[in-house]
Each structure stands twice: as C-alpha cells, then as structure tokens.
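J.: just the structure for this:
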Amino acid sequence: MRLRRLLPSLSLLPLLAIGCNDNTPTYPAIIIYGNQGDVTGSGNNTGSGNNTGSGNNTGSGNNTGSGNNTGSGGSGTSSGGASSGNDLYAHCNTFNGGDDPPVGKVAQCDLDGLTDGGELSGDITANKTLKTGTSYQLKGTVRVMPGVTLTIEPCVKILGLSPDSILAVTPGELGNPDRGCTYMTGKPGPGGKLVAEGEPMAPIVFTSAKPKGTRAAGDWGGVILMGNGLNNNASSANGVSGSRVLPEGLLNGTCFGWYNDDYNTESSGTLAYVRIEYASKKISADRETNGLTLGALGSGTVIHHVMVSNSADDCFEWFGGAVNADHLIALNCDDDGFDGDNGFSGKLQFLFGRQGPNTTEVDSRGFEIDGAPSEQTGNFTTEQVSNFTVCGGGPTDRDSSRDGAILRKDASVSLMNGIITGFAGSGLYVQSTNTSAANKSTMTDVDIFGNKAGIMTQIDVSTGVSEGAQRDWFLGQTGNSAADPDRFCNCWANPPAPVAAKAAVGGTPTGFDDESANYVGAFKDASAESNWMRGKWVDWSSN
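T.: Below is the predicted model of the structure:
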C-alpha cells in the first residue's frame with residue numbers, strides 16, 4: 001500500500017549551454033530544485049556534452065549545464081564552466097579514467113560468445129554446477145531445494161525466457177503454504193544455497209533472453225533467496241506452533257522466515273560480482289518479485305559487488321533477516337532502489353543508486369524502510385547503512401512522489417556517511433511519526449541537497465508545507481548538511497561521476513566491513529582508484 005501525496009510543481013533552473021570537447025567525457029551541472037531555506041552550496045558544476053558509457057552504451061549526450069543561476073530561496077548556486085580544459089573540474093573526468101580491474105582465474109570472458117548450456121527448469125534436487133563459458137535458458141520457476149547447492153562459476157549467463165522465469169533458493173521446510181504457512185510443531189532444517197562467485201572481468205549475469213536493444217524491465221521474474229532468519233510476519237504464541245511467511249510473487253508453495261533470531265547466522269550461499277537485469281514479475285497489486293529478493297537470510301550469507309538494473313519493481317528488497325552486503329548498485333528501478341522491511345537487521349556499505357527519469361510505479365524511492373505491516377507491531381527494522389550515494393531521476397524527473405529516503409512504521413535505523421540528491425520529491429520523507437519523532441532512527445554525516453521538496457514529515461503533507469520539523473531533527477544530528485558539495489559532478493552521465501572535488505569527512509563506520517571509510521558518500525574521492533563501479537560486472541545499458 002503506497003501513500004501518494006501532492007507537492008508544489010517542479011521548477012528547474014534556467015540552463016546555459018556550455019561548449020565542450022566532444023572527444024572527452026564531460027558532465028552536466030546537477031539540477032538544483034530549489035529547496036526552501038536551503039543553505040547555499042558551493043555549486044560550480046560543469047557543462048556537458050556527448051558522454052559515452054562502458055559496454056558500448058551511449059550516455060546522455062549534448063546536455064547543458066546551468067551557468068551562473070541561483071535557485072529559489074538560496075537553494076544553491078551553480079556557476080557554469082567546461083569540465084574539459086578546466087582544472088577546477090578535472091576530477092569529473094578523472095573518476096572514470098584508469099584501467100579495468102585485472103583479470104582473475106578466467107583469462108578471457110566474452111559474455112556475447114558463450115556456449116549454449118541448455119535449459120534450466122523444474123526443481124534442482126541434487127548439487128549442480130554451471131560451468132564457466134556457458135549460458136543457460138531459465139524456463140519457469142526453478143527452485144534450489146533444501147539441502148542442495150547450486151554453484152555458478154564465473155563467466156556464466158542465465159537467460160530468463162519469460163516473466164514466469166524465476167530462480168528461487170528455498171529455505172528449510174516447515175509450514176503449509178496452502179494454510180498461511182502454519183505449522184503445528186517442528187523447526188526448519190537447512191535451506192538451499194546459491195554459490196555464485198563471479199569475477200570483476202568475468203561476472204555472472206542474470207538477464208533477459210531478448211536481444212540487446214529490445215530488452216525491458218519485467219522480461220523475466222528475478223532471483224529470490226530465502227532463509228530461516230527473523231521476519232516480523234512470522235509468529236508463534238507458544239514457541240511450538242505458529243506460522244511462517246509466503247514470499248511475494250512466488251506461486252510455488254514455499255514458506256520462509258522465523259519468529260525469532262535463532263537462525264540469523266545461517267548461510268544461504270554467496271553472490272559476488274553478479275549482475276541481475278530486466279527482471280521482476282507483477283502478479284497483483286503489492287505482490288511482485290524484485291530484481292533480487294532477499295527473504296530472511298542469515299548473516300553467514302555473503303553478498304558483495306552486485307548490480308541490479310532495470311527492474312520492474314524494487315532492485316533490492318530485504319524481508320527480515322540479518323545478511324550484510326557491500327558494493328551494491330541499483331540502477332533504473334521502477335520502484336525502490338533499496339527496500340528494507342519486516343525486521344531486517346543487516347549492515348549495508350558502499351551503495352550507489354540512480355533512478356531512471358520516469359517510472360510507472362508511484363512512490364519509487366532510493367531507500368524505503370519499514371518495520372512491520374501497518375496492522376502489526378513487531379520487531380523494528382534496524383538496518384544500518386554507511387557510505388551511500390543515491391540519486392533521483394535527474395533533470396527530466398517530474399514525479400513528486402519519488403523521494404530519496406522514506407522512514408515508515410517501526411523503522412529504527414542508522415544512515416550515515418551518505419549523499420541524497422536529484423529527487424523530484426523530498427530528500428528525506430518521514431512518513432510515520434513513531435520513527436524519528438521518538439528518536440528511534442539516526443542520520444549522521446549525511447548530505448541532502450538538490451531535491452525538490454527538501455525534508456518532510458507525514459503531517460507536512462496535509463498542510464502543503466514542503467519542509468518542517470524533521471529538517472531541524474536532521475540538521476541537529478552530527479555532521480548532517482543541506483548544502484551542495486564542492487563541485488559535485490553528475491549522477492546521470494553514463495558512466496556516472498557521482499563525486500565532488502573532495503569528499504567530506506564523515507564518521508567511523510564501526511562494525512561495518514570497512515571501518516576506515518570515514519567519508520561521506522559511496523566513494524572515497526574523485527580518483528579512478530576510488531571508483532569501484534568498474535569491470536564487466538557493471539553495465540549502464542537501459543535496453
């Protein structure tokens with residue numbers, strides 16, 4: 001269930017064309033939406049023209065930067081200047097310079113020249129390995145059954161044939177899916193595992209079976225990993241009988257999750273250097289698969305360097321569990337980029353998200369964080385996120401329901417060392433008053449700038465006020481800012497350069513995978529060495 005709200009109409013700054021060298025990637029000025037009462041930032045963003053992305057993808061060409069224009073209410077000043085030939089903006093081109101990552105065990109991986117490995121269909125009931133250099137056609141729902149491991153070697157492609165094509169890793173068996181996943185007694189056993197360990201230059205790719213140029217979000221169903229970790233929708237009144245959870249979008253009978261954290265350390269496998277694209281299936285309203293669905297996974301599961309792009313629903317969604325993850329990219333998600341629900345308690349570090357310029361979904365956000373369904377009061381969602389950069393739809397986005405981050409009921413989260421920018425809605429939208437009003441959530445060393453509606457609470461919606469009490473709550477916490485960074489480049493070029501001339505100093509991400517990352521944003525600085533979004537596991541294509 002989504003709450004649509006009305007916001008004032010979007011007004012963009014006038015644009016001034018700036019000449020650029022067509023042979024060098026250059027970047028347009030970030031669009032300043034005019035937040036009321038914002039602190040004036042340093043601006044100084046560059047003009048744009050003819051950007052080319054990796055993987056033979058053409059980025060936004062002939063974009064114009066904003067020159068010497070000031071947003072309403074002192075929202076930020078952008079002084080135009082060509083990024084090529086101007087030392088003040090050299091960092092915008094430096095970020096995507098440098099060489100590809102070194103090759104690993106696979107010396108050469110031609111993802112367009114793989115050997116046909118045949119069809120994957122039905123239930124996988126014995127350990128199975130998909131070998132390097134092959135592609136497979138995913139037909140219908142393929143389930144990795146409890147106690148079974150599916151291993152995928154580097155340089156493998158899985159082609160989804162239709163929206164019914166889904167790869168699902170099942171949890172331990174317990175519960176009757178035809179009766180609300182109820183059970184009279186017992187405990188779940190070990191679930192299945194997916195071990196998909198790619199390499200930067202030899203990734204594992206889950207994609208549409210359609211030819212390049214004709215692919216679209218929703219061509220196939222996506223990847224679903226399910227475990228026995230805590231989920232707020234699971235329950236037991238006596239510790240003996242109870243109910244588990246039916247996964248969204250999966251018709252085959254499966255029950256996942258548990259009413260407490262007894263299984264929060266188990267493993268459902270590994271995802272590394274994996275790309276999932278053009279996925280998600282909608283069965284009915286609020287019943288969809290995502291690009292990658294993570295259902296109650298334990299912290300023993302390993303997830304890093306995963307890109308989900310062009311999903312017809314969320315790119316990533318966590319339904320409870322305690323799995324940690326790092327180096328994630330969410331691109332062109334029709335709904336949310338990173339959605340945490342139902343008591344999710346993992347740590348996420350180094351996240352980059354960018355919305356497409358248009359979506360069919362209402363209320364698509366960078367982050368959406370819920371604790372429990374509206375009719376329940378369960379365990380709080382306590383996810384922790386550090387070192388993130390999330391960007392909205394950019395210059396052509398007009399959907400005021402699209403926010404950078406929304407905190408909903410029973411969200412008790414920590415967001416730190418982050419950047420939220422370029423959303424036609426608000427940078428931060430606190431929908432439930434029991435979230436930050438009671439100081440259950442914290443945001444520290446976060447910069448929210450260049451968003452149409454600034455910072456909002458649910459009560460602000462009914463009064464039409466674009467910024468309210470939560471602005472004071474946000475700015476009153478350590479290190480937070482509503483000012484433009486110094487010469488921030490561009491989220492919307494292909495490849496993007498979502499960096500400033502110098503990253504702001506942030507807090508120490510204690511307990512995260514990299515505790516040395518005490519800077520604001522997903523990238524340490526504008527150097528090529530800081531750009532972890534390189535290699536064949538990354539593709540900025542949109543069809």
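J.: for residue 160, which non-adjacent residue is closest in space?
T.: residue 220 (2.3 Å; CB to CB, 6 or more residues apart in numbering). Where C-beta positions appear, they are placed from N, C-alpha and C, glycine not excepted.
J.: the one you found: how many residues sit nearby?
T.: 30 (other CB atoms under 10 Å).
J.: do residue 152 as well
T.: Quick note: residue 152 (other CB under 10 Å) scores 27 neighbours.
J.: check the one 5 residues further on too.
T.: Residue crowding around residue 157 was assessed by other CB under 10 Å; the count is 23.
J.: can you check residue 99 too?
T.: Counted with other CB under 10 Å, the neighbours of residue 99 add up to 7.
J.: try the one 4 residues further on
T.: Residue 103: 15 surrounding residues under other CB under 10 Å.
J.: could you do the one 10 residues further on as well?
T.: Applying the criterion other CB under 10 Å, we find 9 residues in the vicinity of residue 113.
J.: could you look up the SS state of residue 93?
T.: When states are read from DSSP: H, G, I helix; E, B strand; the rest coil, the local structure at residue 93 comes out as helix.
J.: thinking again about what came up before, what's the distance between the residue nearest to residue 160 and residue 280?
T.: Residue 220 sits 8 Å away from residue 280, going by CB to CB, to the nearest Å.
J.: just the helices in the chain please.
T.: In the chain, the segments counted as helices under DSSP state H are 90-94, 458-463, 469-475.
J.: list the buried residues of the first one.
T.: So that's helix 90-94. 91, 92, 93, 94 (16 or more other CB atoms under 10 Å).
J.: what score does the second one have for pLDDT?
T.: Same thing as residue 92. Reported pLDDT at residue 92 in the predicted model: 92.
J.: any idea how far it is from residue 487?
T.: Using CB to CB, one gets 8 Å for the distance from residue 92 to residue 487.
J.: also the last one?
T.: Shown here: residue 94 relative to residue 487, a distance of 12 Å by CB to CB.
J.: now do residue 390
T.: As defined by CB to CB, residue 390 lies at a distance of 20 Å from residue 487.
J.: averaging pLDDT over each of the helices of the chain, which comes out lowest?
T.: The stretch with the lowest average pLDDT out of the helices of the chain is helix 458-463, scoring a mean of 58.
J.: can you check the pLDDT for the residue nearest to residue 500 when sequence neighbours are not counted?
T.: With CB to CB, 6+ apart as the measure, residue 485 is the residue that lies nearest to residue 500, at 3.6 Å, once sequence neighbours are left out. In the predicted model, residue 485 carries a pLDDT score of 92.
J.: pretty sure residue 485 contacts residue 447?
T.: Yes. A contact is recorded between residue 485 and residue 447 when judged using CB atoms under 8 Å, the distance being 6.3 Å.
J.: got any residues that touch both of these two?
T.: Common neighbours of residue 485 and residue 447 (criterion: CB atoms under 8 Å, 6 or more residues apart in numbering): 419, 504, 520.
J.: of those residues, the lowest pLDDT goes to which?
T.: Going through those one by one, the lowest pLDDT turns up at residue 504, 92.
J.: against residue 92, how distant is it?
T.: According to CB to CB, residue 504 and residue 92 sit 17 Å apart.
J.: what's the answer for residue 232, then?
T.: 43 Å.
J.: also residue 200?
T.: For residue 200, the distance to residue 92 under the criterion CB to CB works out to 24 Å.
J.: for stretch 228-238, list the C-alpha coordinates in CSV.
T.: Extracted as CSV, the C-alpha positions of stretch 228-238 are listed here (Å, rounded to 0.1, in the frame of the first residue of the first chain):
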residue,chain,number,x,y,z
ASN,A,228,15.1,-19.1,8.1
GLY,A,229,16.0,-15.8,9.7
LEU,A,230,13.8,-13.5,11.7
ASN,A,231,10.8,-12.0,9.8
ASN,A,232,8.2,-9.8,11.5
ASN,A,233,5.4,-11.6,9.7
ALA,A,234,6.3,-14.9,11.2
SER,A,235,4.7,-15.7,14.6
SER,A,236,4.4,-18.2,17.4
ALA,A,237,2.4,-17.6,20.6
ASN,A,238,3.8,-20.6,22.4
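J.: and that stretch, how far out from the chain middle?
T.: 26 Å (CA atoms, centre = their mean, to the nearest Å).
J.: stretch 526-542 too?
T.: Counting by CA atoms, centre = their mean, stretch 526-542 is centred 15 Å from the centre of its parent chain.
J.: what's the neighbour count on residue 328?
T.: Here the count is done by other CB under 10 Å, and residue 328 has 24 residues near it.
J.: quick one: contacts for the residue nearest to residue 364 when sequence neighbours are not counted?
T.: Distances taken as CB to CB, 6+ apart place residue 335 nearest to residue 364, at 4.8 Å, with adjacent residues excluded. Taking CB under 8 Å, 6+ apart as the definition of contact, the neighbours of residue 335 are 288, 290, 311, 313, 314, 359, 361, 363, 364, 365.
J.: need the residues you listed in JSON lines with pLDDT, can you?
T.: Written out in JSON lines, the entries for the contacts of residue 335 read as follows (pLDDT from 0 to 100):
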{"residue": "288", "pLDDT": "83"}
{"residue": "290", "pLDDT": "95"}
{"residue": "311", "pLDDT": "96"}
{"residue": "313", "pLDDT": "92"}
{"residue": "314", "pLDDT": "94"}
{"residue": "359", "pLDDT": "76"}
{"residue": "361", "pLDDT": "77"}
{"residue": "363", "pLDDT": "80"}
{"residue": "364", "pLDDT": "83"}
{"residue": "365", "pLDDT": "90"}
